[in-house]
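Asker: Sharing a model that was predicted from the sequence below.
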Amino acid sequence: MGNGESRVRGVAARAGGWSARHRWAAVGIWVLFVVLAMGLGSAAGRVDVKDSDQLKGETHTAAKIVEDAGIDEPAGETVLVQAKDDGLRATDEEFRAAVTAVMRAVERTGEVTDVTSPYETRTISKDGRSALVQFDMRGDADTAGERVEPVLKAVEDVREDHGAVRIEEIGGASMMKTFDDAFGDDFRKAEYSAVPVALGILLIAFGALVAALLPVLLAITAIMATMGLMGVVSHVMPMSDTANSVMLLVGLAVGVDYCLFYLRREREERAAGRDAQTALRIAAATSGRAIVVSGVTVCVAMAGMLFTGLAEFEAMGLASLMVVAVAMVGSVTVLPALLSLLGERVEKGRLPFLRRRRTSGGGDSRFWTAVLRRVLARPVVSVVVATGALLAVAAPALGMKTQNLTLDQEFGDSLPIVQTYNRVNEAFPGGSEPAEVVVKARDINAPEVKAALADFRERAISSGASRGPVEIRLHDAQNVAFVYVPLVGGSDQDEAGASLEKLRDEVRPATLGKVDGVEAPVTGQVAGSHDFNDQLVGSVVPVFVFVVVFAFLLMLLSFRSLTIAVTSIVLNLLSVGAAYGILVAVFQHGWGASLVGAEGVGAIITWLPLFLFVILFGLSMDYHVFVVSRIREARLRGRTTNDAIRHGVVTTAGVVTSAAVIMVAVFAIFGTLSMQSMKQMGVGLAAAVLIDATIIRGVLLPAVMALLGERNWYLPKWLHRLPDLTHDESAEAVAAPGARGEGEPLKV
């Protein structure tokens with residue numbers, strides 16, 4: 001090997017060296033991979049998660065019965081007809097005329113079927129002021145939102161002709177259309193704006209257009225390739241739109257970060273006087289290695305979602321894992337090839353007002369130099385203050401309340417349909433989201449089965465689980481019956497949950513449960529939330545153990561230090577805990593909620609804590625591995641521990657700050673969406689990354705390492721048999737004379 005450098009070890013170093021020597025081949029292989037992945041994905045098509053696979057428990061059993069029976073449940077719609085003053089009743093002629101007009105209007109559209117009168121189905125409120133006209137949309141329920149417009153227009157026309165009553169439509173199709181209209185553009189704008197925001201920040205960080213474009217382009221190609229791979233993989237493990245959005249977020253974040261780490265180190269070495277070839281070798285052996293360690297750790301964290309048993313989580317976990325792996329491979333292969341091809345042209349498109357950054361190369365940060373001086377001068381005080389502050393921020397998380405958000409919690413009063421939802425629930429508690437009992441029997445028309453169904457209907461009301469009316473729909477050919485039970489409690493999840501338990505544990509065993517050969521799982525919105533919570537709670541321990549144990553082992557093998565492995569886990573858990581505390585304080589307790597438009601939510605959506613734990617534990621390793629690798633590198637060159645800490649933190653401050661700002665900005669975009677679940681995810685991720693890049697990496701990590709001193713590198717003798725995954729660096733970065741043998745390979 002030329003220039004007298006020592007032989008280097010490690011996948012990243014070898015991959016970088018090969019790519020730099022075979023530049024066009026490396027770029028060509030990457031382009032071919034992206035094109036093939038997209039082509040295969042397009043040809044294979046994507047298989048999405050089925051309703052029957054979404055959850056376990058009774059919800060899964062019910063969906064499986066419906067699926068096996070070949071019953072396509074239509075999208076049900078409801079029109080609320082409600083008197084505007086106390087004088088008018090459902091029995092009055094004017095009210096009846098409005099009901100009749102609604103029924104005729106929706107039937108004339110030709111888009112509906114099974115229109116029922118409230119006078120036949122007894123869907124009239126106890127106070128006599130409200131009634132429900134119910135019907136089903138024709139065709140596939142999944143596309144009903146695209147065909148509901150004429151029905152909504154017909155109802156609106158009737159409303160204009162009957163001013164004495166309130167006439168409003170709600171249902172699966174109308175809600176689907178409303179949400180698509182209100183938030184489809186919202187999501188698209190958020191996803192589309194993420195790339196320009198990242199590019200703008202990179203322009204400021206690098207001061208040159210070409211250097212800023214490289215990370216963004218590689219992140220985009222990684223996302224494109226992963227989208228294709230998702231189509232292929234979906235035939236083994238189904239995917240979803242949610243998984244697609246999460247993949248885009250994670251892919252953009254890590255893809256840009258990894259390229260940023262590599263590119264800044266290469267520029268730094270060139271600014272220090274290295275030639276282009278040497279700078280690339282050093283970047284490959286150092287930042288490239290940190291990217292591999294970080295990428296593998298993030299992949300392991302994402303794999304934790306596969307242990308939940310929830311199809312949506314499994315899809316998100318696998319999609320995120322794939323995009324991280326693709327971005328990692330691209331960063332250590334095609335990026336060195338592109339840098340070798342571009343050479344000095346990487347500085348093209350320099351912004352005049354950022355000319356002073358030209359030779360910075362990611363050098364020392366005056367701000368962090370000042371901070372580090374104080375932290376290292378008083379490490380005990382720094383640890384106590386930083387830890388105390390993080391624990392105080394995390395404290396509200398002890399009272400975290402999780403639940404599936406109701407419509408009014410999710411959207412507040414931003415949509416008229418939410419007000420309709422509230423009115424229906426007030427007049428008919430539980431009517432907008434009834435429990436659905438799917439009854440399967442050998443003969444659904446057998447006398448004992450019919451008697452049990454009638455008994456179930458009666459006891460559901462007499463037990464207090466429902467105020468009725470309980471509706472039964474028979475599917476004779478399939479020997480299946482659907483029983484719709486409005487739960488007492490309505491939109492109050494706690495009270496509705498108690499009604500559900502009464503239905504499952506008392507009413508069903510005493511009626512349908514006594515008939516041999518009858519299955520009667522209870523499903524519906526409330527039941528789905530209940531089963532989801534049970535499944536999620538049961539998966540918390542295995543997911544937590546898997547992620548923490550494997551992250552610990554990776555840190556131990558990568559740095560050959562028991563101390564580094566332990567402190568990595570503890571610091572990451574502190575970061576996650578602080579993010580939880582901020583979420584609870586803002587969205588549950590309402591502290592500063594008006595700043596993010598989150599008034600009145602009162603709870604954290606069920607899936608978010610576990611999702612955040614996995615995502616944050618993985619992403620926070622980016623910074624940790626990068627900073628600790630630089631500290632260890634400096635220490636092995638012969639610097640004292642404190643000097644190595646100062647050097648490692650200060651020289652990485654620029655790239656960590658740039659990477660964190662990009663992540664915070666991208667996640668914060670999702671914090672501006674109207675849906676509270678997306679807002680919670682965006683705020684939680686942005687807050688955690690901000691805390692991680694500042695308090696954790698800038699204060700707590702250096703203070704803890706300063707206190708530990710040489711014990712940072714402690715590895716018990718009985719662990720020396722572990723595989724050595726540390727890598728050697730090129731000779732240009734060997735230790736200072738006297739610190740290590742001259743020319744001795746340096747482990748980093």
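Answerer: Great, that's in hand.

Asker: Give me the nearest residue to the residue most central in space within the chain, chain neighbours excluded.
Answerer: Taking C-alpha atoms, centre = their mean, the centroid of the chain lies closest to V246, which sits 5.1 Å from it. Spatial nearest neighbour of V246, excluding adjacent residues (C-beta to C-beta, 6 or more residues apart in numbering): M316 at 4.7 Å. (Each C-beta comes from the backbone N, C-alpha and C, glycine too.)

Asker: Tell me how many other residues surround T113.
Answerer: 13 (other C-beta atoms under 10 Å).

Asker: State the helix or strand in which it lies.
Answerer: strand 112-116 (DSSP states H and E).

Asker: Same check on A211?
Answerer: helix 209-233.

Asker: check contacts around the nearest residue to G577 once chain neighbours are set aside.
Answerer: Counting by C-beta to C-beta, 6+ apart, G577 lies nearest to A394, which is 3.7 Å off, once chain neighbours are set aside. By C-beta atoms under 8 Å, 6 or more residues apart in numbering, the contact list for A394 reads L574, G577, A578, Y580, G581.

Asker: can I get the residues you listed in JSON lines with distance to A98 and neighbour count?
Answerer: Listed next are those as JSON lines, based on distance: C-beta to C-beta, whole Å; neighbours: other C-beta atoms under 10 Å:
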{"residue": "L574", "distance to A98": "60", "neighbour count": "22"}
{"residue": "G577", "distance to A98": "55", "neighbour count": "20"}
{"residue": "A578", "distance to A98": "55", "neighbour count": "26"}
{"residue": "Y580", "distance to A98": "50", "neighbour count": "26"}
{"residue": "G581", "distance to A98": "51", "neighbour count": "22"}
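
Asker: Please identify the residue most distant from the middle of this structure.
Answerer: Going by C-alpha atoms, centre = their mean, the residue of the chain most distant from its centre is E93, 52.6 Å out.

Asker: G17 contacts T278, correct?
Answerer: No - G17 is not in contact with T278 according to C-beta atoms under 8 Å; the separation is 11.4 Å.

Asker: coming back round to it: in which helix or strand does the residue nearest to G577 reside?
Answerer: Secondary structure assigned from DSSP H and E places A394 in helix 379-394.

Asker: The helix or strand following that helix pairs with which strands?
Answerer: Downstream of helix 379-394, the next assigned helix or strand under DSSP H and E is strand 402-403. Note on strand 402-403: by DSSP bridges, its sheet partners are strand 604-605 (parallel).

Asker: List the contacts of the strand it pairs with.
Answerer: Under C-beta under 8 Å, 6+ apart, the answer for strand 604-605 is 400-405, 583-584, 587-588, 676-677, 680.

Asker: Quick one: distance of that strand to the chain centre.
Answerer: Centroid displacement of strand 604-605 relative to its chain, using C-alpha atoms, centre = their mean, to the nearest Å, is 13 Å.

Asker: Also stretch 209-221?
Answerer: 24 Å.

Asker: residues of that stretch that come out buried?
Answerer: Of the residues in stretch 209-221, L209, A211, A212, L213, L214, P215, V216, L217, L218, A219, I220, T221 count as buried by neighbour count, 16 or more other C-beta atoms under 10 Å.

Asker: The closest residue to the second one other than its chain neighbours: neighbour count?
Answerer: Counting by C-beta to C-beta, 6+ apart, the nearest residue to A211 once its immediate chain neighbours are dropped is V346, at 5.2 Å. For V346, the number of neighbouring residues by other C-beta under 10 Å comes to 21.

Asker: Pull the contacting residues for V346.
Answerer: A208, V210, A211, L214, L263, R267, L339.

Asker: Specify which member of these is nearest to V371.
Answerer: R267 (23.5 Å; C-beta to C-beta).

Asker: residue boundaries of the strands in the stretch 251-400 of the chain?
Answerer: With DSSP state E, counting those that start in this stretch applied, the stretch 251-400 of the chain shows no strands anywhere along its length.

Asker: Who are the contact partners of Y119?
Answerer: Y119 touches A90, R96, V99, A131, counting by C-beta under 8 Å, 6+ apart.

Asker: Now that we have those, which of them are buried?
Answerer: Buried among the contacts of Y119 by 16+ other C-beta under 10 Å: A90, R96, V99, A131.

Asker: can you name the two of the residues you listed that are farthest apart?
Answerer: R96 and A131 (9.3 Å).

Asker: which residues do the two both contact?
Answerer: Common neighbours of R96 and A131 (C-beta under 8 Å, 6+ apart) are A90, Y119.

Asker: Give me the number of neighbouring residues for the residue nearest to V246.
Answerer: Neighbours of M316 (other C-beta under 10 Å): 28.

Asker: right, and it touches F611 too?
Answerer: Yes - with contact defined as C-beta under 8 Å, M316 reaches F611; the gap is 7.3 Å.

Asker: what residue ranges in the stretch 301-450 of the chain score low on pLDDT?
Answerer: Scanning the stretch 301-450 of the chain for pLDDT under 70 picks out 353-365, 413-414, 430-432.

Asker: For it, which segments count as helices?
Answerer: 311-342, 366-377, 379-394, 407-411, 416-427, 447-462 (DSSP state H, counting those that start in this stretch).

Asker: Just say which of those helices is most tucked in.
Answerer: helix 311-342 (a mean of 25; mean count of other C-beta atoms under 10 Å).

Asker: Summarise which helices and strands it is packed against.
Answerer: Judged by 3 or more C-beta pairs under 8 Å, 6 or more residues apart in numbering; DSSP states H and E, helix 311-342 is in contact with helix 11-21, helix 23-44, helix 51-54, helix 209-233, helix 241-271, helix 276-285, helix 287-303, helix 608-636.

Asker: does L722 sit in a helix, a strand or a coil?
Answerer: Secondary structure state of L722, per DSSP: H, G, I helix; E, B strand; the rest coil, is coil.

Asker: Tally up the residues packed near the residue lying closest to it once chain neighbours are set aside, please.
Answerer: Nearest residue to L722, sequence neighbours excluded (C-beta to C-beta, 6+ apart): L557, at 6.1 Å. Residue neighbour count, defined by other C-beta under 10 Å, stands at 17 for L557.

Asker: Please apply the same query to the one 10 residues further on.
Answerer: Using other C-beta under 10 Å, T567 is surrounded by 20 other residues.

Asker: show me what contacts the closest residue to A20 other than its chain neighbours?
Answerer: The shortest distance from A20 to any non-neighbouring residue, by C-beta to C-beta, 6+ apart, is to S340 (4.3 Å). Neighbour list for S340: S19, A20, R23, A276, Q277, L280 [criterion: C-beta under 8 Å, 6+ apart].

Asker: pLDDT wise, what is the fifth one at?
Answerer: Looking at Q277, its pLDDT stands at 84.

Asker: can you check the last one too?
Answerer: Reading off the confidence values, L280 has pLDDT 87.

Asker: So it versus P609, what's the distance?
Answerer: With distances taken as C-beta to C-beta, to the nearest Å, L280 is found 42 Å from P609.

Asker: ok, back up a step: same list (the contacts of Y119) but as JSON lines, adding distance to R504 and secondary structure.
Answerer: Formatted as JSON lines, the contacts of Y119 follow (distance: C-beta to C-beta, whole Å; DSSP: H, G, I helix; E, B strand; the rest coil):
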{"residue": "A90", "distance to R504": "33", "secondary structure": "coil"}
{"residue": "R96", "distance to R504": "38", "secondary structure": "helix"}
{"residue": "V99", "distance to R504": "35", "secondary structure": "helix"}
{"residue": "A131", "distance to R504": "30", "secondary structure": "strand"}
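
Asker: Of those, which is the nearest to A225?
Answerer: For the contacts of Y119, the nearest to A225 is A131 (55.1 Å; C-beta to C-beta).

Asker: Please consider this matter closed, and thank you.
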